[in-house]
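[1] predicted model follows, preceded by the sequence.
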Amino acid sequence: MKISPYSIFRRLLNLLLSGFLVVFLMAKSYAQEEKQSPNGYFKGNISVTNNGLSLIPAFSLNRPAAIFELSLGGDKLSFDPEMRFALDGQPWSFIFWWRYKIFKSDKFRLHIGAHPAFIFEEKMVDDGTGNMVESMEAKRFFAGEISPSYTFNDKIRLNFLYLAGRSLGKVPYALNQFVATGAHFTKIPLSEKYFFNASPQFFYLKMNEDDGYFASASIVIGRKDFPVSLGSIISKKIVSQIEVDNWIWNISLIYSFNNEFIKRSNPLL
């Protein structure tokens, strides 16, 4: 279908603002009800990268991009939109995650999530007069996930993720399945002021009849009490029928923020 970038942005901005409003009100409600965890939060990462990579390699942009990863929620429910653009301003993908924490303890956590997603591609189409012109096509998907994790201490966590999604609309049917297991190492000290985070993982990807096995790792180097960090993602194809590059990687400049709020019975004016 033929759509303009402005129309896409306007519709999804309205959806995004509506989602933030709903989750903000629900987070405030959870803050009143949950005595042990009264805090809500609004946090995120904004990054600029030389090579836009996706969790599913076939959906990568493979050129410079800006990525907005936001999260607003409370103790149980969160709204986690991911908005990605090429640096020339054209949309790449919009993913509107809703996640719910089923179980949460000091060691073990389990959450489920679901999202609609839009992936944009530029194609040459006939304008009706025999001339070929550029047009942007939006592919729509819906996906769900389940993810348990186990925390050994404040620096080491094991993760498992199963994600399944399918295409929507008048496009060839596509079913994607993604299974990943890995570890997350947090704030490993490099010196008194600097640290790094690392998240190596192995994953299996199935796209319709094709599948493959991959390994990837994300690394972030940062300075304590400073919001800007340097990150990189590296992904290696092990064995795959899916046509992607053998190696893909990027370097990103990341700005991070994390704000919390508390529901007060007698707010200060």
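    Received it, and whenever you're ready, just let me know what you need.

[2] other residues contacting stretch 212-228?
    When contacts are defined by Cβ atoms under 8 Å, 6 or more residues apart in numbering, stretch 212-228 is touched by residues 57, 190, 193-205, 229-242, 244, 253-257. All C-beta atoms are positioned from the backbone trio N, CA, C, and that covers glycine.

[3] can you dump the C-alpha coordinates of that stretch into PDB?
    The C-alpha atoms that make up stretch 212-228 are tabulated as PDB, following Å, rounded to 0.1, in the frame of the first residue of the first chain:
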ATOM      1  CA  GLY A 212      19.400 -21.000  11.100                       C
ATOM      2  CA  TYR A 213      21.600 -20.800  14.200                       C
ATOM      3  CA  PHE A 214      23.400 -17.700  15.200                       C
ATOM      4  CA  ALA A 215      25.600 -16.200  17.900                       C
ATOM      5  CA  SER A 216      25.600 -12.600  19.000                       C
ATOM      6  CA  ALA A 217      26.900 -10.300  21.700                       C
ATOM      7  CA  SER A 218      26.200  -6.700  22.700                       C
ATOM      8  CA  ILE A 219      28.800  -4.700  24.700                       C
ATOM      9  CA  VAL A 220      28.400  -1.300  26.400                       C
ATOM     10  CA  ILE A 221      31.300   0.700  27.900                       C
ATOM     11  CA  GLY A 222      30.300   3.500  30.200                       C
ATOM     12  CA  ARG A 223      31.300   5.900  32.900                       C
ATOM     13  CA  LYS A 224      29.700   5.800  36.300                       C
ATOM     14  CA  ASP A 225      27.100   8.600  36.900                       C
ATOM     15  CA  PHE A 226      27.400   9.700  33.200                       C
ATOM     16  CA  PRO A 227      24.400   9.200  30.800                       C
ATOM     17  CA  VAL A 228      26.400   8.700  27.600                       C
END
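
[4] OK, contacts around the residue nearest the centre of the chain?
    The centre of the chain sits closest to residue 82, judged by Cα atoms, centre = their mean, with a distance of 5.1 Å. Shown in contact with residue 82 (Cβ under 8 Å, 6+ apart): 67, 68, 69, 70, 93, 94, 95, 97.
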